[in-house]
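**Student:** return a 3D structure for these sequence lines:
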Amino acid sequence: MGSKLSETVKGKLRMGARIIQEGGRDKVFKQIFVMREEEELLKASQCYLSTTAGPIAGLLFISTEKLAFCSERSINVISETGKLIGTAPYKVLIPVRKIRRANRSKNVTNGAQKYIEIVTEDGFEFWFMGFLRYEKAFMNLEKALSLVS
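**Tutor:** Residues are numbered from 1 along each chain as shown. Next up, the predicted model:
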């Protein structure tokens with residue numbers, strides 16, 4: 001557990017340093033994901049995206065037009081033959097208009113563990129967890145969804 005904890009802390013420090021170097025979360029968002037002129041970034045939250053390989057730490061950006069996640073660290077990209085092709089950040093981009101619903105959820109045995117489930121129009125599910133400010137993140141997600149309704 002110790003090495004995983006130190007890797008998590010290092011990742012958060014790297015992400016914090018990047019945010020400072022780039023001039024804020026807005027600029028990081030614009031650099032990683034294309035942002036239209038009329039689009040507004042509502043919230044950027046450090047959290048985890050649940051995947052079949054385990055949780056991935058990163059930043060979740062909630063804007064008036066999209067929900068976008070970018071991992072703190074790059075992941076290995078492997079070819080069909082099993083060879084390492086390279087590394088790339090793990091990214092997810094969901095247009096807000098394609099979100100069918102967003103649900104709050106929490107662990108029944110540990111109520112402090114809260115999740116946000118996103119279900120897209122085509123039936124894909126995305127689970128985000130480990131928010132520092134869970135309520136604020138969900139409130140901004142609801143705001144973004146209300147703008148397209």
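**Student:** the strands in this protein, which residues?
**Tutor:** Here the chain has its strands, by DSSP state E, at 41-49, 56-63, 66-78, 84-95, 99-106, 114-120, 125-129.
**Student:** given the fifth one, what are its sheet partners and their directions?
**Tutor:** Using DSSP bridges, the strands paired with strand 99-106 in its sheet are strand 114-120 (antiparallel).
**Student:** can you list the buried residues in the strand it pairs with?
**Tutor:** Within strand 114-120, the residues scored as buried using 16 or more other CB atoms under 10 Å are 114-116, 118. Placement of C-beta: from N, CA and C, glycine included.
**Student:** most packed of the strands of the chain?
**Tutor:** strand 56-63 (a mean of 22; mean count of other CB atoms under 10 Å).
**Student:** that one - contacts with which helices or strands?
**Tutor:** With contacts taken as 3 or more CB pairs under 8 Å, 6 or more residues apart in numbering; DSSP states H and E, strand 56-63 sits against helix 2-22, helix 25-32, strand 41-49, strand 66-78, strand 84-95, helix 134-148.
**Student:** hmm, try it at 7 Å
**Tutor:** Under the contact definition 3 or more CB pairs under 7 Å, 6 or more residues apart in numbering; DSSP states H and E, strand 56-63 sits against helix 2-22, strand 41-49, strand 66-78, helix 134-148.
**Student:** tell me the angle of it relative to strand 125-129?
**Tutor:** Relative orientation of strand 56-63 versus strand 125-129 (axes from the mean of the first three to the mean of the last three CA atoms, to 10 degrees): 100 degrees.
**Student:** and strand 56-63, C-alpha only, in CSV?
**Tutor:** Presented in CSV, the C-alpha positions along strand 56-63 are these (Å, rounded to 0.1, in the frame of the first residue of the first chain):
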residue,chain,number,x,y,z
ILE,A,56,-7.2,6.0,-12.6
ALA,A,57,-6.4,9.3,-10.9
GLY,A,58,-6.9,12.5,-12.9
LEU,A,59,-8.8,15.6,-13.4
LEU,A,60,-12.5,15.7,-14.2
PHE,A,61,-13.5,18.9,-16.1
ILE,A,62,-17.2,19.9,-16.2
SER,A,63,-18.0,22.6,-18.7
